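Chemist: got a sequence here, can you build the structure:
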Amino acid sequence: MPSTSPFKNLFGRNPFSALQEHMRAAVGAVEVVPELFKALAEGDQAAVEKAKDRICELEGEADRVKNELRDHLPRGLFLPVNRRDLLEVLDMQDSMADTAEDIAGLLFERQMTIPSGMEEPLLTFVDRCVSVSRYAARIIEELDEPWRRNSADVTPPVLKRWSENSTSRKTKPTYLRSSSPGLCSNWKIRSILCP
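Modeler: Sure, this is the predicted structure:
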């Protein structure tokens, strides 16, 4: 028989699992973007459309998870993090999938082409953006680690490792070095990865 205790209602279920599920769907959409640009570079409009459809499908899945999380986010007093902060992270994650969908739609609808000689630098740039989104996904996957272990230290292990590595070096990690200052800004995690 389910508990009807008023104290049980003070505690909500773990919001991180839905946040992680949403991030997987968002990164899934982002990971199709290189395939989209490769098809564009080859001039294969059918493959561009197929990649666009896959991105739209994954973005739709991310939106479904986002709406479900928003609708069922506990309003209890004892959430492990501030509700507003959790929703802000959710919005940042969602912008990754939305941006991938916007790019796919533009490339397909306008039937764009890549100027000669720009294919390789553009594909490299796209791969770097995808690697940043994968790193953000690793952070989100480990976000609930301290709470699962009941640790007093609430810093996720992946952030500790990154912090230790970046303070021991005088330069940013290779995937963050670029002549383009906006490398991280489109993925809205610059504040985490680009100090």
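Chemist: which stretches of this structure have low pLDDT?
Modeler: Within the chain, the stretches with pLDDT under 70 are 1-14, 74-80, 146-195.
Chemist: where do the helices of it begin and end?
Modeler: Using DSSP state H, the helices of the chain run over residues 16-31, 33-42, 45-72, 83-109, 119-141, 145-148, 157-168, 190-193.
Chemist: can you list the buried residues in the fourth one?
Modeler: Buried residues in helix 83-109, counted by 16 or more other Cβ atoms under 10 Å: 86-87, 89-90, 92-94, 96-101, 103-104, 107-108. Where you see a C-beta, it was placed from the backbone N, CA and C, and this is true even at glycine.
Chemist: who are the packing partners of it?
Modeler: The criterion is 3 or more Cβ pairs under 8 Å, 6 or more residues apart in numbering; DSSP states H and E, and the helices and strands that helix 83-109 contacts are helix 16-31, helix 33-42, helix 45-72, helix 119-141.
Chemist: what's the answer for the third one, then?
Modeler: Helices and strands touching helix 45-72, as assessed by 3+ Cβ pairs under 8 Å, 6+ apart, comprise helix 16-31, helix 33-42, helix 83-109.
Chemist: as a markdown table, these with distance to L73 would be great.
Modeler: Converted to a markdown table, the helices and strands packed on helix 45-72 look like this (distance: least, Cβ to Cβ, whole Å):
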| stretch | distance to L73 |
| --- | --- |
| helix 16-31 | 8 |
| helix 33-42 | 29 |
| helix 83-109 | 6 |
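Chemist: can you check which of those helices gets nearest to S133?
Modeler: Distance to S133, taken as Cβ to Cβ, is lowest for helix 16-31 among these, at 4.5 Å.
Chemist: tell me which of the helices of the chain is the most buried.
Modeler: helix 16-31 (a mean of 21; mean count of other Cβ atoms under 10 Å).
Chemist: what does that one rub up against?
Modeler: Counting contacts by Cβ atoms under 8 Å, 6 or more residues apart in numbering, the residues outside helix 16-31 that touch it are 55, 58-59, 61-62, 65-66, 68-69, 72, 80, 86, 89-90, 93-94, 96-97, 100-101, 129-130, 133-134, 136-137, 140-141, 143-144, 147.
Chemist: tell me the angle of it relative to helix 45-72?
Modeler: Orientation check (axes from the mean of the first three to the mean of the last three Cα atoms, to 10 degrees): helix 16-31 against helix 45-72 gives 160 degrees.
Chemist: helix 119-141 and helix 16-31, what's the angle between them?
Modeler: With the same axes, to 10 degrees defining the directions, helix 16-31 sits at 170 degrees from helix 119-141.
Chemist: alpha carbons of helix 16-31, as PDB, please.
Modeler: This file holds the C-alpha atoms of helix 16-31, laid out as PDB (Å, rounded to 0.1, in the frame of the first residue of the first chain):
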ATOM      1  CA  PHE A  16      18.900  13.900 -12.300                       C
ATOM      2  CA  SER A  17      17.900  10.700 -14.100                       C
ATOM      3  CA  ALA A  18      15.400  12.700 -16.300                       C
ATOM      4  CA  LEU A  19      18.000  15.400 -16.800                       C
ATOM      5  CA  GLN A  20      20.500  12.700 -17.900                       C
ATOM      6  CA  GLU A  21      17.900  11.100 -20.300                       C
ATOM      7  CA  HIS A  22      17.300  14.500 -21.800                       C
ATOM      8  CA  MET A  23      21.000  15.200 -22.300                       C
ATOM      9  CA  ARG A  24      21.400  11.800 -24.000                       C
ATOM     10  CA  ALA A  25      18.600  12.800 -26.500                       C
ATOM     11  CA  ALA A  26      20.100  16.300 -27.000                       C
ATOM     12  CA  VAL A  27      23.600  15.000 -27.600                       C
ATOM     13  CA  GLY A  28      22.200  12.300 -29.900                       C
ATOM     14  CA  ALA A  29      20.800  15.100 -32.100                       C
ATOM     15  CA  VAL A  30      24.100  16.900 -32.000                       C
ATOM     16  CA  GLU A  31      26.000  13.800 -32.900                       C
END
